[in-house]
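Asks: Sequence isn't available, so here's the structure alone:
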């Protein structure tokens, strides 16, 4: 077990280092933060002063060396835009993002999994086709289109809900639904496929032939075996809780981590981007770790193989 | 320069507004304005936030200078916190301060506040004006410790007030601006962004510079209730405002990056104003009779800029061909629905005596363009055009139209999409043509032609263009006090930069559009600033 954990932790650390290094190189090679943050009309003296102040005149490898050293000592740097600690900037946005992504995740699970199971159990029926039609629609319509459509109907035409902002719980409804619907559609399709595959297995036929009630067959035999691909997808969804609302936050003017990421990337505000990427990578790695453990719990064969 | 008429108008406005305010009820409305961006730097200090978006939320509502711009009258320079500006000499201006002006903390504005506002503490840093010293971030840790200025603040201050020496306090309500060198543009510079007056006590009481820059104590009609960076700015009425009780109880700017979201919010009644509306959305919004789109030209011109180091553009005739191949009116009519105009070169009417009324951009003459190309021996070599994706309104479509116009004249221009300004300005053999815009920061061509294209301007600093005679004249324009000579110099500089050895060519004046409910009686200014003072509300 220790080896299992150790290997995965090492893999996680390497992943995070690669993400941070890749982001550093890409962001720095694709634009000078001084020019971008100071703007097109900034006086050359101001840009030169900015470069000197933030050490942007040093060779890239030296900047990387300094940056990485600071990270190792726990200093994630400061925003070039306003000098605040990058970690403070990011942390203060996390609650706003979680206020959208967590309820949206619950919608995805609460709608997507039952819909997928229902469709599989009624294969080729009207219910199956209806569920899959909705799932395909939800899956293929981009979230910014769905978001705008919902705003048009529920804010502009009906006037029931606000179109954007973060003033009350009512402002969260449309963005949550926008994210929830798309994710539920994905889960429904995966769950259906996994269930159909399992339902065709000999052990299901055997259980049915033995006279086990159909409900017990589904809950006791089909669902646990069909859970692995679904759990994988849920792992990705949990991993994107921190920065998975980039588009929706922009459409609904929601001041979360996603909006911060967009602004920080556009400004080449390196410390803030890196800080967010570190958090995202850490969340994703943790989610994957939990998924790996769940695999073992769901399928004893995997447990034995690991042991 | 402030003339007698504008002085009287400004004083009459100040005297009249409080009386108007007495008759108002306390049931003042609260309004919400959806903007694309509140502040690029996440601060509300004009010396740090030198941007159009910053001007919108800061000017007239929050910050005021001794002199300012008349937003109702073609941006003429008018007295604001001063009542009089008098020349003592070519390098000294004496200013009488308006009495009874209250800061948001209740203090009266005095000469000490003016001295502070132009002092080392707020503007120039420990080295003083033009010290040329740069402090490293690692050494001073701005934003975390103390009041050290961010590195760019002294740089902007030195650029804005290059000859500034000190403010001399004559008495409680009189100050003298002392310049090291003669400068006829001092009054204009006193009206430009960055010259606003802040409270000395307010600055002293702020824990850090960042705290000050996010909650500055100023004199404007609205004071800051809450500023959430990248999200919203809530201002509330400053009822002791010298210009009369503000007409709004609360003025809230919210950041809504997507155009469609701003429009939807307006239509659903969530926002009272939606800013930065692209011209192609105007007709759609106005189809609903309850809404209208206001706005128009701002003191900013769109340009096409040339790099004369590019092998093809080294020959001025090729660049001149570019300028003649553009049908500017077609761009204005088709992409701007005719709601902007073609200016008379890189200048504005508010330049007053310096405005060259008989100057014009190169005429649209494809035959002349073809002739110039033939003469230059141009053989169709590709000319790269570095382009950002709609950094400016209509930028990409304008570029596509331009490319076709140039192609029709025989120029083989090829668009290269770039992601940011750093990539646009990168020195390499493929740098040839790019977009830009220039603003008239104050009432003199020094603020635009010299500032952007002179020896210390961006175009020369990035190595795109230079011209010996132009540079000599730049110095003369900055230092001469002979007004007739200055006008002649400016004319010659326009001839060089726009005709003989083109550094750029002006395309059209930029414009900004604001959608609002038709029943709100409010007029947009010919600038980014939104005026919510009593004189412009309910008018």
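Replies: Ah, there it is. Keep in mind it's a predicted model, so treat the numbers as computed, not measured. Numbering: from 1, shown residues only, chains lettered A, B, ... in the order given.

Asks: which stretches of the stretch 51-200 of chain B form helices?
Replies: Counting by DSSP state H, counting those that start in this stretch, the stretch 51-200 of chain B has helices at residues B:52-58, B:111-117, B:137-140, B:152-160, B:186-190, B:200-205.

Asks: which one of these has the lowest average pLDDT?
Replies: Mean pLDDT values for the helices of the stretch 51-200 of chain B show the minimum at helix B:137-140, a mean of 41.

Asks: Residue ranges in the stretch 301-450 of chain B under the pLDDT threshold?
Replies: For the stretch 301-450 of chain B, no stretch is flagged by pLDDT under 70.

Asks: Let me fix that, I meant to ask about the stretch 1-150 of chain B.
Replies: Residue ranges of the stretch 1-150 of chain B with pLDDT under 70: B:1-26, B:131-145.

Asks: at 50 instead, please
Replies: For the stretch 1-150 of chain B, residues meeting the criterion pLDDT under 50 lie at B:1-24, B:132-144.

Asks: can you map out the strands along it?
Replies: In the stretch 1-150 of chain B, the strands defined using DSSP state E, counting those that start in this stretch lie at B:30-35, B:67-70, B:76-79, B:82-89, B:92-97.

Asks: Let me have these in CSV, extended by distance to chain A.
Replies: Quick note: C-beta positions are derived from backbone N, CA and C, even for glycine. Putting the strands of the stretch 1-150 of chain B into CSV (distance: least, CB to the nearest CB, whole Å) gives the following:
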stretch, distance to chain A
strand B:30-35, 8
strand B:67-70, 18
strand B:76-79, 21
strand B:82-89, 25
strand B:92-97, 23
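
Asks: Got phi/psi on the nearest residue in space to residue A:197 that is not next to it in sequence?
Replies: Closest residue in space to residue A:197, ignoring its immediate chain neighbours: residue A:226 at 7.2 Å, by CB to CB, 6 or more residues apart in numbering or on different chains. Main-chain dihedrals, residue A:226, degrees, to the nearest 10: phi -90, psi 0.

Asks: Where does residue B:438 sit: helix, strand or coil?
Replies: strand (DSSP: H, G, I helix; E, B strand; the rest coil).

Asks: wait, it sits on residue B:346?
Replies: Yes: the pair residue B:438 / residue B:346 is scored as a contact, 5.9 Å apart, by CB atoms under 8 Å.

Asks: what sits in contact with each of the two?
Replies: Common neighbours of residue B:438 and residue B:346 (criterion: CB atoms under 8 Å, 6 or more residues apart in numbering or on different chains): B:301, B:303, B:448.

Asks: Counting neighbours, which of those comes out on top?
Replies: Within the shared contacts of residue B:438 and residue B:346, neighbour counts (other CB atoms under 10 Å in any protein chain shown) peak at residue B:301, which reaches 26 neighbours.

Asks: Tell me the secondary structure at it.
Replies: Of the three states, residue B:301 takes strand according to three-state DSSP.

Asks: Just give the closest residue to it, not the sequence neighbours.
Replies: Sequence neighbours aside, residue B:506 is the residue nearest to residue B:301 in space, at 5.1 Å (criterion: CB to CB, 6+ apart).

Asks: State whether the one you found is indeed within a helix.
Replies: No: the assignment for residue B:506, made by three-state DSSP, is strand rather than a helix.

Asks: count of neighbours near residue B:164?
Replies: For residue B:164, using other CB under 10 Å, the count is 23.

Asks: again, but for residue A:80
Replies: Residue A:80, neighbours per other CB under 10 Å, totals 26.

Asks: same check, this time on residue B:320
Replies: For residue B:320, the neighbour count with other CB under 10 Å is 23.

Asks: what does residue A:254 give?
Replies: By other CB under 10 Å, the residues close to residue A:254 number 24.

Asks: Identify the residues contacting it.
Replies: So residue A:254 contacts A:96, A:97, A:100, A:164, A:165, A:166, A:171, A:172, A:175, A:245, A:248 (CB under 8 Å, 6+ apart).

Asks: of the residues you listed, list those near chain B.
Replies: A:164, A:165, A:166 (CB under 8 Å from any CB of the partner chain).

Asks: ranking the residues you listed by neighbours, who comes first?
Replies: Compared across the ones next to chain B among the contacts of residue A:254, residue A:164 has the highest neighbour count, 30 neighbours, by other CB under 10 Å.

Asks: dump the residue contacts of it.
Replies: A:151, A:171, A:251, A:252, A:253, A:254, B:256, B:261, B:264, B:265, B:270.

Asks: And residue A:175, by the same measure?
Replies: Neighbours of residue A:175 in contact, by CB under 8 Å, 6+ apart: A:100, A:104, A:147, A:245, A:248, A:249, A:251, A:252, A:254.

Asks: which one of the residues you listed is nearest chain B?
Replies: Nearest to chain B out of these is residue A:251 (CB to the nearest CB; 5.7 Å).

Asks: What are the boundaries of the helices in the stretch 201-307 of chain A?
Replies: A:202-209, A:214-216, A:223-239, A:246-251, A:257-266, A:270-298, A:300-306.

Asks: roughly how far apart are residue B:423 and chain A?
Replies: Distance check for residue B:423 against chain A: by CB to the nearest CB, to the nearest Å, it reads 6 Å.

Asks: Which of the three states applies to the nearest residue to that residue once chain neighbours are set aside?
Replies: Using CB to CB, 6+ apart and skipping the chain neighbours, the partner closest in space to residue B:423 is residue A:31 (5.9 Å). Following three-state DSSP, residue A:31 is assigned to coil.

Asks: residues near residue A:31, how many?
Replies: 22.

Asks: residue contacts, it?
Replies: Residues near residue A:31 by CB under 8 Å, 6+ apart: A:268, B:419, B:420, B:421, B:422, B:423.

Asks: If we use 7 Å, what do you get?
Replies: Residue A:31 makes contacts with A:268, B:419, B:420, B:422, B:423, as judged by CB atoms under 7 Å, 6 or more residues apart in numbering or on different chains.

Asks: and if you look at residue B:34?
Replies: B:254, B:256, B:262, B:265, B:266, B:271, B:273, B:274, B:275.

Asks: one more time with 10 Å
Replies: Going by CB atoms under 10 Å, 6 or more residues apart in numbering or on different chains, residue B:34 touches A:163-165, A:253, B:252-259, B:261-266, B:270-276, B:514-515.

Asks: Identify those among the residues you listed that sit within strands.
Replies: Of these, the ones assigned to strands by DSSP state E are B:252, B:253, B:254, B:255, B:273, B:274, B:514, B:515.

Asks: neighbours of the closest residue to residue A:282 other than its chain neighbours, just the number please.
Replies: In this structure, residue A:282 finds its nearest non-sequential neighbour in residue A:16, 6.7 Å apart by CB to CB, 6+ apart. Neighbours of residue A:16 under the rule other CB under 10 Å: 18.

Asks: Assign residue A:16 to helix, strand or coil.
Replies: Three-state call for residue A:16 (three-state DSSP): helix.

Asks: Mind pulling up the pLDDT for the residue of the stretch 201-307 of chain A found nearest chain B?
Replies: Chain B sits closest to residue A:255 of the stretch 201-307 of chain A, with a gap of 4.0 Å, by CB to the nearest CB. In this model, residue A:255 is scored at 90, pLDDT.

Asks: sorry, back to before: so how do I select the buried members of the contacts of residue A:164 in PyMOL?
Replies: The buried residues among these can be selected in PyMOL (16 or more other CB atoms under 10 Å in any protein chain shown) with this line:
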select buried, (chain A and resi 151+171+251+252+253+254) or (chain B and resi 256+261+264+265+270)
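
Asks: Run a quick neighbour tally on residue B:477.
Replies: Residue B:477: 24 surrounding residues under other CB under 10 Å.
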